[in-house]
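> the sequence and its predicted three-dimensional model are supplied below.
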Amino acid sequence: MDIDVLDAPFDETALYHSKNETKFAVRNATVEDDEQLIKISAETVPSNGITLSYERHPSYLAASHAQYNRPDLKVVVPVDDPSIVIAMMNLGWRYCYINGQPDLMRYVADLRMNPAYRGAKVMRLLMDYVHDEIPQDTIFESVVLNANTVAASILHHERSGFPLPYFYDEIRTFTVSQAVKPKTFNQYQFKTLTAERVDDANDFILKMKDHYNFLPSYDFNALVDGQNPFWAGLNLDDFYLIYDQHNQLVGLYGLWNQKSFKQTRVIDYSRPLKLMKPFYNAYASVRGVLSLPKIQGTFDYLMLHSPLCHPEHLDVFATLVFHAKQQTKRRGKETYCITLAEKDPRIGWMKNTTSHVLKAKHYFHSFKGNPYAAFDRKRISYFEAGRI
């Protein structure tokens with residue numbers, strides 16, 4: 001497997017040094033760092049009165065393979081003790097379709113720093129590394145929640161020596177607890193994905209690449225033997241194929257339970273939410289919406305994997321959204337998450353759901369100027385809630 005996480009101890013020659021910060025250095029992460037990575041990656045993020053921690057248990061390194069086809073994790077360490085991790089940044093690769101062609105996208109995520117070192121020039125060091133060690137024509141992609149002002153202030157503002165940020169999309173992640181049943185629901189039939197239907201699913205992805213940019217180059221054959229870490233937590237029977245009255249495949253989606261490697265934990269609530277929480281949870285139990293867990297408890301929901309159909313086929317999308325809610329409840333969960341770009345025509349149907357909405361911004365970053373010309377803006381940006 002082609003990854004940039006070392007399975008052997010580092011050595012001094014593998015350290016990157018910068019004249020702008022002499023006390024710290026950058027190196028590749030190793031398996032020996034995993035326990036520290038779990039702790040530092042669980043940074044707290046405020047969101048609508050709730051302080052959340054996005055955790056990777058039992059292994060950050062294992063979980064990163066479900067986010068990237070090829071993780072490339074860099075860590076910042078003190079020069080006098082390179083075994084201590086004080087910051088991290090993943091610059092991994094994703095295999096996807098760009099303008100309809102198979103390509104690579106380098107995705108910036110999990111930029112984390114020990115709060116005790118935020119006064120140091122750690123970010124300067126990481127950006128020096130990016131400038132000196134990564135080809136200058138690289139285009140980076142990032143998605144940052146609007147509520148994560150720390151990450152946004154680092155990634156989404158121009159800084160000398162940093163790759164320039166270019167805003168591309170507003171996106172929305174919906175945590176769906178109720179969905180209206182569309183009038184056309186009974187016109188469609190659902191079939192569970194099987195080994196015999198994998199070729200059909202793969203062919204459908206090839207059709208969808210004509211409409212969506214940055215769509216992962218999915219190969220559902222990886223589910224047949226169940227060994228590919230990019231598909232961690234997923235099986236064939238987690239996926240559903242949608243057929244119309246003419247037995248044509250018109251839609252696809254999967255339900256992804258990530259609890260075995262990724263959790264969203266509540267660290268604290270604002271005072272108003274603490275007072276309101278008992279009443280809200282009583283309401284939630286009646287309405288079948290997502291309840292608020294105890295402090296230090298985790299949310300329990302599913303992610304929608306590959307929720308795909310032709311962007312103009314709103315009847316198919318409405319059917320997908322409602323069917324996903326039915327299947328979520330059958331699996332003992334109350335809610336699922338789906339992420340859509342604001343310019344995706346399907347997002348209009350989401351007003352027919354009861355959903356909690358998180359807003360985020362999608363950026364590209366480049367040393368070589370505005371990268372917009374590299375992308376067909378007519379295509380709809382595709383995002384997967386479970387890999388943001």
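Structure received.
> hey, what's Asn90 bridged with?
Beta-bridge partners recorded for Asn90 (DSSP bridges): Leu73, Ala109.
> against Glu384, how distant is it?
Going from Asn90 to Glu384 by CB to CB, to the nearest Å gives 16 Å. Yep, even glycine has a C-beta here, placed from its N, CA and C like the rest.
> now the strands for the stretch 151-300 of the chain?
164-179, 189-192, 212-213, 215-216, 239-243, 249-256, 263-269 (DSSP state E, counting those that start in this stretch).
> out of the ones you listed, which comes closest to Lys351?
strand 164-179 (10.3 Å; CB to CB).
> Ser160: neighbour count?
Using other CB atoms under 10 Å, Ser160 is surrounded by 6 other residues.
> now for this structure, the helix or strand with the poorest mean pLDDT.
Sorting the helices and strands of the chain by mean pLDDT, DSSP states H and E puts strand 44-47 at the bottom, at a mean of 74.
> which strands or helices does that one pack on?
Here strand 44-47 touches strand 50-55, going by 3 or more CB pairs under 8 Å, 6 or more residues apart in numbering; DSSP states H and E.
> buried sites along the strand it packs on?
50, 52-55 (16 or more other CB atoms under 10 Å).
> from the residues you listed, which is closest to Asn352?
Nearest to Asn352 among the buried residues of strand 50-55, with distances taken as CB to CB, is Ile50, at 25.5 Å.
> partners of the least confident helix or strand of the chain, with directions?
Strand 44-47 is paired, per DSSP bridges, with strand 50-55 (antiparallel).
> name the residues that touch whichever helix or strand comes after the partner strand?
Remark: after strand 50-55, the chain's next helix or strand is helix 60-64, criterion DSSP states H and E. With contacts defined as CB atoms under 8 Å, 6 or more residues apart in numbering, helix 60-64 is touched by 5, 29, 31, 34, 37-38, 41, 56, 71, 73, 90, 92, 110, 229, 232, 261-262.
> from these, keep the buried residues only.
5, 29, 34, 37-38, 41, 56, 71, 73, 90, 92, 110, 229, 232, 261-262.
> where does the stretch 1-150 of the chain dip in pLDDT?
1-13 (pLDDT under 70).
> quick one, domains of this structure?
As recorded under automatic domain parsing, the domains making up the chain are 12-170, 175-263+286-363.
> mind putting these into TSV with distance to Pro272?
Listed next are these as TSV, based on distance: least, CB to CB, whole Å:
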stretch	distance to Pro272
domain 12-170	7
domain 175-263+286-363	12
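> these: which one's closest to Gly369?
Comparison of those against Gly369 by CB to CB identifies domain 12-170 as nearest, at 7.4 Å.
> residues in contact with His156?
144, 165, 167, 361, 363.
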